[in-house]
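[1] Coordinates only, no sequence provided:
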């Protein structure tokens, strides 16, 4: 198991969890909703402690990238007065502010961005002579089947799709880690499989998670993202280069994908 890739995967998952906490709405008495401005330490403190622990691990594993990274502020700073003793008196308590969670998201994004933009060779515990093979990641849509057929028949590079591989008693993350070690790049098909609370079409959470995970493992230059038009792109992925295609017409992206993969593998 690649310890660096595992740590980056945990950071990507943590980033999604903090983002979900920030997206929670507070329902008012008139049934209107507001964004949450203050967070109970018992509900979010573990996000900060996990981030601090994972950052320290990266500082040891990749000191040239992270030894000067700013420390994660793990203590709540939002002072509030709350009723105690059955409402007969008040006392000051510390909560985490919205600004603190937003800062944590930015820190986690920066950690992933540094690794993705580094010019270091992607870490791997396998042989340096990895076989040319592309990990194919996708959501519920069947578009990935067309992509797999195109890559294998036209580009002539074998692919690996996780559901087609044996489980061998592994958890999903273990299966992802072990099978990704047999590949040296990834093509991710980002289709609109879900709708968020604001009515925006978005990709499945596993697809969003795997974009950052594969960039951390293979490097940004070895990840191709096929993006279905009108699907919301999370703010932390706004700098990612992607190949757009209309809904139901993934084949329109194949010309650009062909050139990208030929350049990647210098075929």
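    Cool, got the structure. Predicted, not measured: the structure shown is a model, and the values here were computed from it.

[2] quick one, strands of the protein?
    Using DSSP state E, the strands assigned to the chain run over residues 25-27, 33-35, 38-39, 78-84, 89-97, 134-138, 159-161, 185-190, 194-195, 201-202, 223-228, 242-245.

[3] which strands and helices sit next to the last one?
    Other helices and strands packing on strand 242-245, by 3 or more CB pairs under 8 Å, 6 or more residues apart in numbering; DSSP states H and E, are strand 223-228, helix 254-265. (Glycine included, C-beta is placed from N, CA and C.)

[4] circling back: point out the one among the strands of the chain that comes closest to residue 217.
    strand 185-190 (8.1 Å; CB to CB).

[5] Can you list the strands that that closest one pairs with?
    Sheet pairing of strand 185-190 (DSSP bridges) gives strand 134-138 (parallel), strand 223-228 (parallel).

[6] now the strands of the chain in a markdown table, with mean pLDDT, distance to residue 264 and mean neighbour count?
    Below are those laid out as a markdown table (pLDDT from 0 to 100; distance: least, CB to CB, whole Å; neighbours: other CB atoms under 10 Å):
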| stretch | mean pLDDT | distance to residue 264 | mean neighbour count |
| --- | --- | --- | --- |
| strand 25-27 | 82 | 42 | 10 |
| strand 33-35 | 83 | 41 | 10 |
| strand 38-39 | 88 | 42 | 18 |
| strand 78-84 | 66 | 47 | 11 |
| strand 89-97 | 80 | 42 | 14 |
| strand 134-138 | 94 | 9 | 25 |
| strand 159-161 | 94 | 14 | 18 |
| strand 185-190 | 94 | 6 | 26 |
| strand 194-195 | 79 | 30 | 14 |
| strand 201-202 | 82 | 27 | 18 |
| strand 223-228 | 93 | 8 | 23 |
| strand 242-245 | 92 | 13 | 18 |
